[in-house]
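J.: Sequence first, then the predicted structure:
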Amino acid sequence: MNCDEFVELVTAFLDDALDPETEARFVEHLALCEGCERYLDQFRTTIDQLGRLPPETLSAETRDAVLDAFRDWHSA
């Protein structure tokens, strides 16, 4: 597994949604790649911090702007 594939699978890994073979490759890469280990830690920290924000802190305009920015992310 390379770093690009790792980044694509982080959410599925955190949701425990990877098949056993892919999860094993993910964990193996994680053990060998300090950069991806940092990335996963940052992702977990972000989830932890944002999970504490009350929904009303995000205006409808900001929410729509963020969703628009990422809507076609994979097609770019």
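T.: Structure's in. What do you need?

J.: low pLDDT regions in the protein?
T.: 53, 55, 73-76 (pLDDT under 70).

J.: Which helix runs longest in it?
T.: Counting residues, the longest helix found in the chain (DSSP state H) is helix 34-50.

J.: now that one: how far from the chain's centre is it?
T.: Distance, stretch centre to chain centre, for helix 34-50: 8 Å (Cα atoms, centre = their mean, to the nearest Å).

J.: How about stretch 33-41?
T.: Offset of stretch 33-41 from its chain centre (Cα atoms, centre = their mean): 12 Å.

J.: who touches it?
T.: Cys3, Phe6, Val7, Val10, Phe13, His29, Leu30 (Cβ atoms under 8 Å, 6 or more residues apart in numbering). C-beta coordinates here come from the backbone N, C-alpha and C atoms, glycine included.

J.: Report the buried members of those.
T.: Using 16 or more other Cβ atoms under 10 Å as the burial test, the contacts of stretch 33-41 include Phe6, Val10, Phe13, His29, Leu30 as buried.

J.: Give me the nearest residue to the third one, chain neighbours excluded.
T.: Just to be clear, that refers to Phe13. Phe26 (5.5 Å; Cβ to Cβ, 6 or more residues apart in numbering).

J.: I'd say the one you found and Glu8 touch.
T.: No. Contact between Phe26 and Glu8 fails when scored by Cβ atoms under 8 Å: they sit 10.3 Å apart.

J.: So if I had to pick from those two, which one is more boxed in?
T.: Comparing Phe26 with Glu8 by other Cβ atoms under 10 Å, the one with more neighbours is Phe26, at 20 against 11.
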